[in-house]
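>>> just coords:
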């Protein structure tokens with residue numbers, strides 16, 4: 001995420017990164033840590049936004065599900081497996097005991113990710129990658145999304161896309177991926 005952080009800083013945002021060992025703990029555990037991080041880091045800020053990629057998008061949704069933080073602004077989810085990932089479903093057959101989130105991120109209707117709430121009260125924008133082999137575009141949608149855009153990118157190249165970073169900045173400023181004159 002650091003290239004994206006640098007680009008957002010060049011657009012005038014203060015970017016703070018949070019990292020986690022994504023594959024070795026359940027999503028709930030990561031979400032608890034993220035919520036604590038946001039509470040401690042941003043409690044004195046008038047407003048803060050969240051930009052998350054892939055599984056981080058699901059961690060973000062879970063972290064904010066219990067109750068939104070009072071000063072939370074907008075959220076941009078990049079290539080989020082909101083309806084799961086077929087690759088996670090396949091991988092979970094072999095690796096679920098080692099890589100816990102593979103089962104949670106499966107596209108099976110009963111998987112953890114498919115039982116999450118809608119995030120309806122949050123102002124969420126989603127950017128999908130057209131050539132994403134991990135998360136198909138149709139699996140990125142949320143019923144409550146405010147805006148959705150698909151970029152010509154792969155799952156990880158979305159983080160390097162100048163156009164996607166402009167989209168993110170626009171959404172954080174205006175609530176839309178379209179530049180408002």
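Nice, thanks for sending it over. Everything numeric in this text was worked out from a predicted model, so none of it was measured. Residues are numbered from 1 along each chain as shown.

>>> Residue 18: neighbouring residues, count only.
Applying other CB atoms under 10 Å, we find 16 residues neighbouring residue 18. The C-beta positions use only the backbone N, C-alpha and C, and glycine is treated the same way.

>>> Hmm, residue 3 is touching residue 162, no?
No. Shown here, residue 3 and residue 162 do not form a contact pair, counting by CB atoms under 8 Å, at 10.0 Å.

>>> if you count what's nearby, which of those two comes out ahead?
Applying other CB under 10 Å to residue 3 and residue 162 shows that residue 3 carries more neighbours, namely 11 against 8.

>>> Which pLDDT does the model give the residue nearest the centre of the chain?
Nearest to the mean C-alpha position of the chain, by CA atoms, centre = their mean, lies residue 57 at 2.2 Å. With respect to pLDDT, residue 57 scores 96.

>>> That one and residue 156, how far apart?
Distance from residue 57 to residue 156, counting by CB to CB, to the nearest Å: 14 Å.

>>> OK, contacts around residue 158?
Contact partners of residue 158, counting by CB atoms under 8 Å, 6 or more residues apart in numbering, are 53, 78-79, 127, 129, 132, 151, 164.

>>> The closest residue to it other than its chain neighbours: neighbour count?
Excluding the flanking residues, the one nearest residue 158 by CB to CB, 6 or more residues apart in numbering is residue 129, at 4.7 Å. Using other CB under 10 Å, residue 129 has 26 other residues around it.

>>> Check which residues of the helix ranked longest in the chain are buried.
Ordering each helix of the chain by length in residues (DSSP state H) puts helix 27-42 first. Within helix 27-42, the residues scored as buried using 16 or more other CB atoms under 10 Å are 27, 30-32, 34-35, 38, 42.

>>> Now for those: which two are most distant?
27 and 42 (21.2 Å; CB to CB).

>>> ok so residue 171 is a strand residue?
No. Counting by DSSP: H, G, I helix; E, B strand; the rest coil, residue 171 is not found in a strand; it is helix.

>>> Hmm, residue 148 and it touching each other?
No. Residue 171 lies out of contact with residue 148 (CB under 8 Å); the separation is 10.6 Å.

>>> Looking at the two, which is more packed in?
residue 171 (25 against 16).

>>> Show the subsequent helix or strand relative to the longest helix of the chain.
The C-terminal neighbour of helix 27-42 among helices and strands, as given by DSSP states H and E, is strand 48-53.

>>> Show residues contacting the very next helix or strand once past that following strand.
Note on strand 48-53: by DSSP H and E, the next helix or strand toward the C-terminus is helix 55-65. Helix 55-65 has contacts (CB under 8 Å, 6+ apart) with 20, 22, 27-28, 30-32, 34-35, 38, 50, 52, 72, 75, 77-82, 101, 104-105, 113, 116-117, 119, 122.

>>> Is the residue lying closest to residue 47 once chain neighbours are set aside in a helix, a strand, or coil?
Counting by CB to CB, 6+ apart, residue 47 lies nearest to residue 73, which is 4.5 Å off, once chain neighbours are set aside. Following three-state DSSP, the label given to residue 73 is strand.
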